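Visitor: no sequence on this one, just coordinates:
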């Protein structure tokens, strides 16, 4: 496989690669079309293989040089009277002459009879047959200029036909682009006119539009994706990928310098002519406009999504739902999870592609940005797919507990706590919020035996008193601290009179010999209770808090 890079001004120079240089081919006629002009009376006498008649002819040239090859261009028919054929003494001499013509890309050789030769020399006929170069006899009455003029007239007609085809094709593709599905319609029309597949990818190499649909099973998707990415990463504007079989595709970036939107890939069989190249250019221009339009829509939708999140955080649910009509596939329903993640400096581009696919194909899920950081809001049923996405790409993320949309602010705080936790873990994977693991500084003391021992010593007087007198001083102290020292609320929660609660709290202060008006002491006692109280009891107390 070979690739021909084509850079534009301002683009980075592509690395050195094997280059297959092929000029843009102009209009050609088939050799058989020229030979079948009855008024010329041309007769094919050698090299008459099955493909001889279909060989391309771009020009007819006359030369009597002993070696005209250096002055010939490919796809040329050479005419000669054979004035120099007398110097050919052996089959090797004739073979060398014919081989030089073949190396120069000559389509066929025409030899006039009646001037220097009554018949075409057998050595030349044998060499053309052996090397498969079409050889035709030109009768004495047919002037070379007549053959040249006939070929020019046929080429002019072919040029006119291709010009008409080009104009009609460009008009049809341009009209198709005005449809509702402009890009898809233009790609389908171009594929129909060209007779082979046309594909548009996004900047990640993912197929956005493709036609004709019947050729999709034969589309080398991974090959297109890989080569499109390579083209963009190398900073080259266009390139041609060719396989050993001669088929390949023409690649062209879409967008402007520094802002590539995608790649146009067109199947090629051989070298396209000027008319086809013109249609390629039109499709590329229309695709760029359509992708720019889509990019603008996506940018506007991103702003709307950010606004929706801000409204949800402000508990403006009805307004957020109204605003989501054109910005979201479907507004989330029921419990949701909030996912907070930080974008690394060097990110695998496939993550953005996979995230975009998840966003586009999952109703009830949307991405947004708040406080300059990205997040995902999704119905809880999407949680497995979200876990797989971040795990597959080795990215840390914080996932909140299931919350109602009215409590999105709480979900966001939980997701941020979980993200902080994720940053401290060795494995780069999503971390889900749970009260037992995201309680801040106190949680750090759980694994320290010295902290638990100190807490037990601090609370020992109260617990010894309760055990000895069958009292409930620790329960009263815990409830009072859980309600931030508010006696009325704590007494209601515990089901005792506020005077009873106040008396028990004062007893706790006396047993512990501490000042409960001190915020430091309250914090220390709460931490001690957390470290030494069974989790099920603390859960009740946290709900009260």
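Guide: Structure's in. What do you need? Not measured: the values here are computed from a predicted model.

Visitor: would you state the helices of the stretch 51-200 of the chain in chain order?
Guide: 91-103, 122-131, 144-176, 182-194 (DSSP state H, counting those that start in this stretch).

Visitor: domain parsing for this structure?
Guide: 1-23+180-327, 42-141, 328-438, 442-544 (automatic domain parsing).

Visitor: got JSON lines for those domains, with mean pLDDT and mean neighbour count too?
Guide: The C-beta positions use only the backbone N, C-alpha and C, and glycine is treated the same way. Below are the domains of the chain laid out as JSON lines (pLDDT from 0 to 100; neighbours: other Cβ atoms under 10 Å):
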{"stretch": "domain 1-23+180-327", "mean pLDDT": "77", "mean neighbour count": "17"}
{"stretch": "domain 42-141", "mean pLDDT": "93", "mean neighbour count": "17"}
{"stretch": "domain 328-438", "mean pLDDT": "83", "mean neighbour count": "17"}
{"stretch": "domain 442-544", "mean pLDDT": "80", "mean neighbour count": "15"}
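
Visitor: and residue 266, that's in a strand?
Guide: Yes: under DSSP: H, G, I helix; E, B strand; the rest coil, residue 266 falls within a strand.

Visitor: go ahead and confirm it touches residue 194.
Guide: Yes: using Cβ atoms under 8 Å, residue 266 makes contact with residue 194 at a distance of 7.1 Å.

Visitor: on that earlier part again, okay if I get the helices of the stretch 51-200 of the chain as JSON lines plus distance to residue 357?
Guide: JSON lines is the format used below for the helices of the stretch 51-200 of the chain (distance: least, Cβ to Cβ, whole Å):
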{"stretch": "helix 91-103", "distance to residue 357": "52"}
{"stretch": "helix 122-131", "distance to residue 357": "56"}
{"stretch": "helix 144-176", "distance to residue 357": "27"}
{"stretch": "helix 182-194", "distance to residue 357": "18"}
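
Visitor: in contact with residue 475: list those residues for me.
Guide: residue 494 (Cβ atoms under 8 Å, 6 or more residues apart in numbering).

Visitor: sec struct for the residue positioned nearest the centre of the chain, please.
Guide: Note on the chain: the residue nearest the mean C-alpha position is residue 204, at 2.0 Å, using Cα atoms, centre = their mean. Using three-state DSSP, the structure places residue 204 in coil.

Visitor: for it, give its distance to residue 376.
Guide: Distance of residue 204 to residue 376, given as Cβ to Cβ, to the nearest Å: 19 Å.

Visitor: element containing the residue nearest to residue 429 when sequence neighbours are not counted?
Guide: Once flanking residues are discounted, residue 429 sits nearest to residue 391: 5.3 Å by Cβ to Cβ, 6 or more residues apart in numbering. Assigned by DSSP states H and E, residue 391 falls within helix 383-392.

Visitor: what is the one helix or strand residue 354 maps to packed up against?
Guide: When elements are assigned from DSSP H and E, residue 354 belongs to helix 349-360. Using 3 or more Cβ pairs under 8 Å, 6 or more residues apart in numbering; DSSP states H and E, the elements in contact with helix 349-360 are strand 365-370, helix 383-392.

Visitor: ok, now which ones touch the closest residue to residue 409 other than its chain neighbours?
Guide: Spatially, and ignoring its direct neighbours in sequence, residue 409 is nearest to residue 313 (5.0 Å; Cβ to Cβ, 6+ apart). Contacts here follow Cβ under 8 Å, 6+ apart; on that basis residue 313 touches 370, 408-409, 412.

Visitor: which one's the longest helix in the protein?
Guide: If you go by DSSP state H, the chain has its longest helix at helix 274-313.

Visitor: relative to helix 182-194, how tilted is that helix?
Guide: 160 degrees (axes from the mean of the first three to the mean of the last three Cα atoms, to 10 degrees).

Visitor: and the angle for helix 274-313 with helix 349-360?
Guide: Using the same axes, to 10 degrees: helix 274-313 against helix 349-360 is 70 degrees.

Visitor: can you name the next helix or strand after helix 274-313?
Guide: Next along from helix 274-313, by DSSP H and E: helix 317-323.
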